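Trainee: I need the structure of the sequence given here:
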Amino acid sequence: MKYRALKSIALLLVLSAIAVAQDLAAFEKRITVKKLDNGLTVIICERPEAPVFSFNTHVDAGSVQDPMGKTGLAHMFEHMAFKGTDKIGTTDYPAEKTALAKVETAYAAYIEERDKRVGRDEQKLKDLQKAWQDDIADAQKYVKPNEFPQILESNGAEGLNASTSEDQTEYHYSFPENRLELWAYLESERFLHPVMREFYKERNVVIEERRMRTDSNPTGRLLEQFTTAAFQAHPYHRPTIGWLADLNSFSATDAQHFFDEYYIPLNMVVAVVGDVKASETLPIIEKYFGRLPARVQPDERTTTEPPQNSERRVVLQDRAQPLYLEGYHRPDYRDKDDNVYDAIADLMSNGRTSRLYRALVRDKKIAAYSAGFTGLPGSKYPHLFAFYAFPLPGHKSEEVADAIHVEIERLKKADISDEELKMIRTRAKANLLRGLDDNEGLASELALFQARYGDWRELFHQVENLDKVSKADIRRVANQTFVPTNRTVGIIETMAPPPSPAQSGGEQ
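Mentor: Next comes the predicted model:
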């Protein structure tokens, strides 16, 4: 039986390798890449299976690029990109532009008085706040709310969305293939003529988002405090959504400055996947995206995180499900061992046959779930490989931590089996092939790999590189990375409920 299983795995590996090679060759015939004169990179993938296309606009700037004291700006501008342009979302842009300038002048005066450490005049502060809010109300008279997304959705847009992470910002949706030129116009316009419209209203939306996802969410609070403990120098310690004090301070002018510095063609990749022809699509993209002005690439150097030489711990007590989390510093995605970390993540976490699931969930029955993953909080810069578990009732964090460490020590001391190594490689190929079926996902991956590596083909080479990972590589990387002095721990401990009136001697 074992011999037959090995033969089946070997056959699957061969077939998967052939499929990946064939797909790369097939995609090379269907993909066109061009760098426009202004520096923007375009990727077009022809897939005429259905009369639709998806796109991904990848901007190589995220919360790591937020200025000090203005955390959350990258995410804030993502919201602004849906507010329209000087032609969309306004009834009278010249008048609105004047009104918005008055808002910024009033806000600057209000903030200057509010943030005085000595000699703040409270009455003056109230008057300045009222003047600012009155100017906001005046500017609002010219707004046509949600006109930009309404135009898209009325023309058949699906999946209209965007996201901001520590490493990048991306915009995406799908459109009927006969709306290609409308897409190119609208998508380029919002980066050519953005307007910081309804900025302070939208800032309040983001503040509420922070309260819901972080301040009122025990897991969100733990992740934020865990990350700030793990990264003391590198900007990964900044929350993408921003610190509350910064959200209550930065301005529309600050958001405009962020856009001007980082939303430049050299920082952007636009991938289009679907029922399009490169010969027809490229001229349209050049016509509209070529209008974006070329700018000098900003200095994106960051502080290097110094080596960690002692364990750090964050313990949060809350009436919530307990959680154990630990992370270890590792190099960025360009490191020669990047694929080794991917192999370890698969081995420890992929499905019910993974080592952590079998050990903590199936066998010891001490956790509801347990896994490990790489890329916390991002991967563009040196980051963390993390392990976590949700202890079951009656079991403590120390118990699941010990069980995780047993599995880590197994990685260090003993080679993984031939079957495990082969299945890691097989799953990687299968995951790649599955991912190629979805236009939106493929557009995202093509844009990401083109931005990170300068060549979309690296998406396929990742699987080839994983084939080169050996058992010795896994032991070596585990021993050099998963050491106590390189570890940051985060724990949610469940608080006991408050005593009832009877228990505390109160009235019944």
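Trainee: give me the low-pLDDT residue ranges for the chain?
Mentor: For the chain, the stretches with pLDDT under 70 are 1-22, 496-508.
Trainee: switch to 90 and redo it
Mentor: Low-confidence segments of the chain (pLDDT under 90): 1-27, 299-301, 319, 351-353, 427-438, 460, 462-464, 466, 494-508.
Trainee: how is it divided into domains?
Mentor: 61-90+143-262, 312-494 (automatic domain parsing).
Trainee: could you dump those domains to a markdown table with mean neighbour count and distance to residue 99?
Mentor: From N, CA and C alone the C-beta is placed, and that goes for glycine too. What follows is these, written out as a markdown table (neighbours: other Cβ atoms under 10 Å; distance: least, Cβ to Cβ, whole Å):
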| stretch | mean neighbour count | distance to residue 99 |
| --- | --- | --- |
| domain 61-90+143-262 | 19 | 10 |
| domain 312-494 | 18 | 36 |
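Trainee: in CSV, list the ones you listed along with distance to residue 306.
Mentor: Formatted as CSV, those follow (distance: least, Cβ to Cβ, whole Å):
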stretch, distance to residue 306
domain 61-90+143-262, 6
domain 312-494, 10
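Trainee: out of those, which comes closest to residue 280?
Mentor: Taking Cβ to Cβ, domain 61-90+143-262 is the member of the domains of the chain nearest to residue 280, at 8.0 Å.
Trainee: any idea how far that closest one is from the chain center?
Mentor: How far domain 61-90+143-262 lies from its chain's middle: 12 Å, per Cα atoms, centre = their mean, to the nearest Å.
Trainee: start and end of that domain, how far apart?
Mentor: End-to-end span of domain 61-90+143-262 (Cα to Cα, to the nearest Å): 6 Å.
Trainee: tell me which residue is most central in this structure.
Mentor: By Cα atoms, centre = their mean, the mean C-alpha position of the chain lies nearest to residue 165, the distance being 3.2 Å.
Trainee: for residue 384, see how far away that residue is.
Mentor: The gap separating residue 165 from residue 384 is 14 Å, by Cβ to Cβ, to the nearest Å.
Trainee: leaving aside the residues next to it on the chain, what's closest to the residue nearest to the centre of the chain?
Mentor: Distances taken as Cβ to Cβ, 6 or more residues apart in numbering put residue 62 closest to residue 165, at 5.1 Å, once the chain neighbours are dropped.
Trainee: wouldn't the one you found be in contact with residue 167 here?
Mentor: Yes - with contact defined as Cβ atoms under 8 Å, residue 62 and residue 167 form a contacting pair (4.8 Å).
Trainee: quickly list what's touching both of those two.
Mentor: Residues touching both residue 62 and residue 167 (Cβ atoms under 8 Å, 6 or more residues apart in numbering): residue 378.
Trainee: which residues make contact with stretch 100-117 from outside it?
Mentor: Stretch 100-117 is contacted from outside by 120-121, 124-125, 128-129, 131-132, 134-136, 138-139, 195-197, 200, 249, 251-253, using Cβ under 8 Å, 6+ apart.
Trainee: mind checking how far that stretch is from the chain centre?
Mentor: Mean-position distance between stretch 100-117 and its chain equals 32 Å (Cα atoms, centre = their mean).
Trainee: can I get the CA coordinates of it in CSV?
Mentor: The C-alpha coordinates for stretch 100-117 follow below in CSV (Å, rounded to 0.1, in the frame of the first residue of the first chain):
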residue,chain,number,x,y,z
LEU,A,100,-12.9,73.0,0.1
ALA,A,101,-9.9,75.4,0.4
LYS,A,102,-11.9,77.4,3.0
VAL,A,103,-12.4,74.1,4.9
GLU,A,104,-8.7,73.5,5.0
THR,A,105,-7.9,77.0,6.2
ALA,A,106,-10.5,76.8,9.0
TYR,A,107,-9.3,73.3,10.0
ALA,A,108,-5.7,74.4,10.2
ALA,A,109,-6.7,77.3,12.5
TYR,A,110,-8.8,74.9,14.7
ILE,A,111,-6.0,72.3,15.0
GLU,A,112,-3.4,74.9,15.8
GLU,A,113,-5.5,76.2,18.8
ARG,A,114,-6.7,72.7,19.8
ASP,A,115,-3.1,71.3,20.0
LYS,A,116,-1.6,74.2,22.0
ARG,A,117,0.1,72.9,25.1
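Trainee: mind listing the strands for the stretch 151-300 of the chain?
Mentor: Here the stretch 151-300 of the chain has its strands, by DSSP state E, counting those that start in this stretch, at 158-164, 169-176, 268-274.
Trainee: quick one, which of these gets closest to residue 324.
Mentor: Across those, residue 324 has its closest neighbour in strand 158-164 (27.6 Å, Cβ to Cβ).
Trainee: those strands in the stretch 301-450 of the chain, which residues are they?
Mentor: Ranges of strands within the stretch 301-450 of the chain are 312-318, 323-330, 367-376, 383-391, based on DSSP E, counting those that start in this stretch.
Trainee: can you redo these as TSV with distance to residue 69?
Mentor: As requested, these are exported to TSV (distance: least, Cβ to Cβ, whole Å):
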stretch	distance to residue 69
strand 312-318	24
strand 323-330	26
strand 367-376	25
strand 383-391	24
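Trainee: among those, which is nearest residue 187?
Mentor: Closest to residue 187 of those is strand 367-376 (Cβ to Cβ; 27.6 Å).
Trainee: what's the closest one in contact with?
Mentor: For strand 367-376, contacts defined as Cβ under 8 Å, 6+ apart pick out 227, 327, 330, 341-342, 344-345, 348-349, 354, 356-357, 359-361, 383-392, 395, 400, 403-404.
Trainee: note down every partner strand of that strand and its orientation.
Mentor: Using DSSP bridges, strand 367-376 pairs in its sheet with strand 383-391 (antiparallel).
Trainee: before we move on, the earlier item: which among the strands of the stretch 301-450 of the chain is found nearest to residue 288?
Mentor: Closest approach to residue 288 among those (Cβ to Cβ): strand 367-376, 33.6 Å.
Trainee: and the closest one, how far from the chain's centre?
Mentor: Strand 367-376 sits 17 Å away from the centroid of its parent chain (Cα atoms, centre = their mean).
Trainee: now that strand and strand 323-330, what's the angle there?
Mentor: 30 degrees (axes from the mean of the first three to the mean of the last three Cα atoms, to 10 degrees).
Trainee: I'd like the numbering to begin with 53 instead of 1 from here.
Mentor: Done: numbering now begins at 53, and the last item shifts to strand 419-428.
Trainee: how about the CA coordinates for strand 419-428, as CSV?
Mentor: Extracted C-alpha coordinates of strand 419-428, given in CSV (Å, rounded to 0.1, in the frame of the first residue of the first chain):
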residue,chain,number,x,y,z
ALA,A,419,-7.5,23.5,20.8
ALA,A,420,-10.4,24.4,18.5
TYR,A,421,-8.0,25.3,15.8
SER,A,422,-4.2,25.8,15.3
ALA,A,423,-2.1,26.9,12.4
GLY,A,424,1.1,28.7,11.4
PHE,A,425,1.6,31.2,8.6
THR,A,426,4.1,33.6,7.2
GLY,A,427,3.7,37.2,6.2
LEU,A,428,2.6,39.0,9.4
